[in-house]
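Peer 1: dropping a prediction and its sequence here:
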Amino acid sequence: MTAYPESRRDDLVETLHGHQIADPYRWLEDPDSPDTQDWVTRQNAFTEAELSTYPVRAWFQRTMSAILARPRAGVPVKKSGWYFVGRNDGTQAQDVVYVAESLEELVSGGRVLIDPNTLSADRTDSLGSFTVSQDGKYFAYGINESGSDWTTFRLLDIATGTPVDDTVTEAKFCEAAWMPDSSAYLY
């Protein structure tokens, strides 16, 4: 077995609330730094070299590709008078969210409310979460750009699918929570 790639450990220590906390891998928190990109490249090369030795890898890749290439749909949910479901034709990286006013309309197709596959040119932005205002007017959804934990919230008018000009940035590990009168959301 090949040796694991070297992972640099810095001597960074912070004092937080009176306690000394070592953070030797803080340098990895910047995904755009040359050091981090080099580390990721070396880790991926190591992983690929190891996995390529597994005799069942080709079978596993074929089997998983066949499973994922099948059309699928989630379980419909009713929120504030609207029905929602995620569907995937088997070729899409992410499920498309459909909406309808009735379950029958949703089952017969519904309308695309948001297609996460079109959020960025390189298709790395994803739909992290969504909530619906109590009055059923707005769909607040969180976008995670390029696989980041940071979320940007956006709004759609559900009836028309039209974007509402209201963007919040730099939220992390949360979803929108609507005020009882649907006048605003918190995160």
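Peer 2: Happy to help now that I have it.

Peer 1: what residues sit buried inside the helix or strand where residue 151 lies?
Peer 2: If you go by DSSP states H and E, residue 151 is part of strand 150-157. Residues 151, 152, 153, 154, 155, 156 are the ones in strand 150-157 that count as buried (16 or more other CB atoms under 10 Å). In short, each C-beta sits where N, CA and C put it, glycine included.

Peer 1: next one: that strand to chain centre, how far?
Peer 2: In this view, strand 150-157 has its centroid 12 Å away from the chain centroid, taken as CA atoms, centre = their mean, to the nearest Å.

Peer 1: domain map for the chain?
Peer 2: 13-53, 72-186 (the TED database).

Peer 1: turn these into CSV, columns for distance to residue 6 and mean pLDDT.
Peer 2: Shown next, in CSV, are those (distance: least, CB to CB, whole Å; pLDDT from 0 to 100):
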stretch, distance to residue 6, mean pLDDT
domain 13-53, 8, 95
domain 72-186, 24, 92
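
Peer 1: pick the most deeply packed of those domains.
Peer 2: Greatest average neighbour count among those goes to domain 72-186 (a mean of 15), per mean count of other CB atoms under 10 Å.

Peer 1: chain center to it, what's the gap?
Peer 2: Offset of domain 72-186 from its chain centre (CA atoms, centre = their mean): 12 Å.

Peer 1: distance between the ends of stretch 141-155?
Peer 2: End-to-end distance of stretch 141-155: 6 Å, with CA to CA, to the nearest Å as the criterion.

Peer 1: meant to ask about stretch 16-24, not that
Peer 2: Where stretch 16-24 begins and where it ends lie 15 Å apart, using CA to CA.

Peer 1: residues making contact with that stretch?
Peer 2: By CB atoms under 8 Å, 6 or more residues apart in numbering, the residues outside stretch 16-24 that reach it are 9, 10, 11, 12, 13, 14, 15.
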